[in-house]
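A.B. asks: Provided below are the primary sequence and the corresponding predicted coordinates.
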Amino acid sequence: MFTKTKHYLEKVRNIGIIAHIDAGKTTSTERMLFYSGKTYKLGEVDEGTATMDWMVQEQERGITITAACTTFNWNDFTLNLIDTPGHVDFTVEVERALKVLDGAVVIFCGVGGVEPQSETVWRQADKYAVPRIAFVNKLDRTGSNFFEAVKQIHDKLGANAAAIQIPVGQENDFKGIIDLIDHKLFLYKDDLGKEIEVAKIPQELQEEAAKYHAILVERLAEADDHIMDKFLHSQEISAEEIKKGVRSATLKNKFIPVLCGASLKNKGVQLLLNAICEYLPSPLDVQPVKGIKPGTQEFEEIVADDKAPLCALCFKVAVDPYVGKLNYFRVYSGKLSSGSYVYNATRREKERVTKLLRMHANRQEIIKEAQTGDIVAAVGLKETKTGDTLCTEHDPILLEAIHFPEPVIQEAIEPKTKQDQEKLSLALHRLTDEDPSFRVRYNQETGQTVIAGMGQLHLDVIIDRIMREFNIEALVGSPQVAYRETITKKLVSTGKFVQQTGGRGQYGHVVLQMQPQETPGSGITFDNKIKGGAIPLEFISSVKKGVMDSARSGCLAGYPVTDVHVVLVDGSYHEVDSSELAFKMAAAIAFNDGLKKGEPVLLEPIMDMEIVVPEEFMGMVIGDLSSRRAKITSLATRANVRTIRTFVPIAEVFNYATALRSLTQGRASYTMEPSFYQEVPSHIAEKIITGFSPSGTGKKFNTEV
């Protein structure tokens with residue numbers, strides 16, 4: 001017999017909507033809210049009336065910028081849903097949403113199929129082992145092909161995917177859906193998609209339905225032993241057995257059920273909601289989250305139960321103009337009441353929750369208590385930031401923090417008037433609290449404030465928010481590439497810091513072995529291999545700090561150093577004069593000297609770009625890409641257009657949208673995302689180093705906001 005908690009949790013679905021840009025995430029979410037009765041009017045992205053796109057910048061651009069949460073009921077299930085952005089510049093929103101979700105709906109465009117950002121969000125879902133179902137949208141569009149999209153999901157993403165529904169009609173004639181499990185036909189009779197006729201599959205469609213039903217059973221058999229046994233023995237498999245097999249295999253990430261529809265034309269969304277409830281996991285179905293006990297450093301599983309000690313993860317911070325800072329968090333176990341105290345295990349601070357809110361995009365509903373499985377927001381937490389663990393002081397637990405990508409583009413910013421200096425500092429501080437992929441640093445030598453983000457659009461939105469929300473006029477420098485520096489050979493470097501000023505002096509001596517990382521993207525790593533107490537243990541952390549601080553600025557052009565493995569192999573100390581400061585300085589001297597001897601090179605971010613272009617313009621686009629140091633990796637045909645996949649340095653594609661429009665009469669489009677860092681060609685590196693200013697951004701401001 002289920003306890004009340006267990007029974008409640010079985011009916012909870014914490015899900016995210018993830019996809020490539022413009023696949024129809026927000027449009028699908030709007031329909032879910034409408035059919036569930038949460039809203040009474042259909043919001044449209046293109047008209048700027050979508051409930052989930054509440055920011056002014058989202059409404060003006062017609063894109064999702066920030067992940068928005070909502071809660072609604074479907075049948076007797078409670079769905080906590082997060083609608084995420086599709087644009088790569090805001091991929092951090094997808095990352096932190098997937099960290100706290102139990103399942104995901106991946107939406108694919110019926111025309112575009114598996115697009116570049118589809119692959120990115122798929123990899124992110126793989127990283128967090130999130131079970132998912134696929135929804136092929138926009139089947140009313142010219143050039144849509146449901147079966148090609150399913151094939152691409154299976155082939156390109158390497159997923160064991162099969163259709164559990166197939167469309168009736170295509171493009172303008174798309175009028176219904178066949179359920180391959182229950183063998184039913186759903187025909188849509190009105191524009192709002194509320195009048196649905198359920199009938200038997202007509203004779204002329206039975207052969208096609210039987211064909212794809214057989215494929216479904218065959219793919220499912222690969223993931224489910226019971227289905228495999230019946231399949232091999234040619235035994236009849238009931239609809240209930242198939243549903244049970246689909247759910248079981250989906251929860252184990254061994255199978256992806258694929259559904260179909262056209263959200264804008266209000267077709268297929270109710271069936272998608274049914275599938276979410278039927279096949280995606282409840283908080284009880286996923287692997288228990290593991291945390292570390294701060295005292296013992298031992299792992300402990302978090303039990304999803306209201307009666308267990310509180311454990312929650314803050315995954316998002318937002319600033320509301322009326323109530324102040326909102327901390328969004330997922331409750332993994334226990335309960336939390338408004339007015340109570342929580343312990344931030346990450347920062348070792350006790351904080352008071354003054355108010356609890358259930359969010360519906362930017363609208364708030366005050367609640368008294370948050371239970372296990374809930375995704376809610378808290379008001380009153382002053383020190384808590386994204387990735388922090390909330391628990392009880394007498395039973396602390398520390399969950400794994402969220403890892404965020406490094407920025408690839410930066411600009412210099414300064415207020416137009418001196419009076420706005422303090423306001424700008426406050427605005428930037430608030431925005432870095434909200435967005436961990438947005439970074440700010442101040443350069444002491446030039447007096448410049450440098451902002452860095454995931455792309456030009458990311459920084460454009462940030463600057464727009466500074467102007468509108470904080471009423472600050474600012475001057476912004478030209479976009480600059482976030483270069484990195486590294487070494488290319490193994491070496492040993494010695495650093496000695498000796499200072500005698502009468503009385504107690506300073507003495508630190510370290511020997512570092514430095515070498516390039518075997519795996520690019522590993523950053524700076526530090527190992528201690530001191531033997532025989534050549535350096536006392538209490539000074540090792542100072543050596544590491546000296547290395548990490550020095551890595552912030554390289555020897556070629558002052559860019560951060562990356563992909564270097566540092567090993568402390570030897571050194572010496574003085575019983576009286578040695579100190580933490582002396583060893584920190586010695587490590588910095590050794591590291592900087594090693595950089596110079598290690599044949600340093602500049603690295604630049606390379607973007608993975610896909611361009612969709614009509615056939616007649618392809619030659620011109622390829623010629624233009626060649627002049628931009630692009631390396632074309634594949635050419636393909638999609639419907640009536642060609643696709644070009646290429647790796648290109650970000651420095652070569654600033655404002656590429658304008659160039660592409662002029663080359664193709666505005667008929668081509670592109671998407672790109674950061675892929676890896678690569679050595680800058682020597683002739684270009686020389687120009688960068690020669691024109692280097694200590695800020696790494698140049699001193700010229702040429703854009704007025």
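C.D. replies: Great, that's in hand.
A.B. asks: how about the helices in the stretch 401-550 of the chain?
C.D. replies: Secondary structure of the stretch 401-550 of the chain (DSSP state H, counting those that start in this stretch): helices located at 421-434, 456-469, 540-550.
A.B. asks: In CSV: the ones you listed, plus mean pLDDT.
C.D. replies: Output for the helices of the stretch 401-550 of the chain, formatted as CSV (pLDDT from 0 to 100):
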stretch, mean pLDDT
helix 421-434, 88
helix 456-469, 87
helix 540-550, 94
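A.B. asks: nearest to Asp608, of those helices?
C.D. replies: Minimum separation from Asp608 across the helices of the stretch 401-550 of the chain (Cβ to Cβ) falls at helix 456-469, 16.2 Å. Bear in mind the C-beta positions are built from the backbone N, C-alpha and C, glycine included.
A.B. asks: Distance from the closest one to the middle of the chain?
C.D. replies: 19 Å (Cα atoms, centre = their mean, to the nearest Å).
A.B. asks: same deal with stretch 484-503?
C.D. replies: Here stretch 484-503 is found 38 Å from its chain centre; the criterion is Cα atoms, centre = their mean.
A.B. asks: ok, now stretch 62-80?
C.D. replies: On Cα atoms, centre = their mean, the centre of stretch 62-80 falls 18 Å from that of its chain.
A.B. asks: Report the buried residues of that stretch.
C.D. replies: For stretch 62-80, burial by neighbour count (16 or more other Cβ atoms under 10 Å) applies to 63-72, 74, 77-80.
A.B. asks: can you redo the helices of the stretch 401-550 of the chain as JSON lines with mean neighbour count and distance to Ala412?
C.D. replies: Below are these laid out as JSON lines (neighbours: other Cβ atoms under 10 Å; distance: least, Cβ to Cβ, whole Å):
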{"stretch": "helix 421-434", "mean neighbour count": "16", "distance to Ala412": "12"}
{"stretch": "helix 456-469", "mean neighbour count": "19", "distance to Ala412": "11"}
{"stretch": "helix 540-550", "mean neighbour count": "21", "distance to Ala412": "23"}
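A.B. asks: Minimum distance to Phe231: which of these has it?
C.D. replies: helix 456-469 (48.5 Å).
A.B. asks: Please name whichever of the helices of the stretch 401-550 of the chain is nearest to Pro405.
C.D. replies: helix 456-469 (11.1 Å).
A.B. asks: Run through the neighbouring helices and strands of that closest one.
C.D. replies: When contacts are defined as 3 or more Cβ pairs under 8 Å, 6 or more residues apart in numbering; DSSP states H and E, helix 456-469 packs onto helix 56-61, strand 409-415, helix 421-434, strand 448-453, strand 474-477.
A.B. asks: Could you list the paired strands of the second one along with their orientation?
C.D. replies: In this case it means strand 409-415. With DSSP bridges as the test, strand 409-415 is paired with strand 448-453 (antiparallel), strand 474-477 (antiparallel), strand 480-481 (antiparallel).
A.B. asks: can you tell me which residues contact Phe470?
C.D. replies: By Cβ atoms under 8 Å, 6 or more residues apart in numbering, the contact list for Phe470 reads 423-424, 426-427.
A.B. asks: Can you give the distance of stretch 317-325 from its chain's centre?
C.D. replies: Stretch 317-325 sits 22 Å away from the centroid of its parent chain (Cα atoms, centre = their mean).
A.B. asks: Check stretch 537-552 too.
C.D. replies: 31 Å.
A.B. asks: Give me the contacts around it.
C.D. replies: For stretch 537-552, the external contacting residues (Cβ under 8 Å, 6+ apart) are 508, 510, 512, 524, 526, 528, 530, 535, 560-562, 564, 566, 568, 571, 573, 578, 580-581, 583-588, 591-592.
A.B. asks: Narrow those residues to those in helices?
C.D. replies: Among the contacts of stretch 537-552, the residues falling in helices (DSSP state H) are 580-581, 583-588, 591-592.
A.B. asks: What subset of those residues is buried?
C.D. replies: Buried among the ones in helices among the contacts of stretch 537-552 (16+ other Cβ under 10 Å): 583-588, 591-592.
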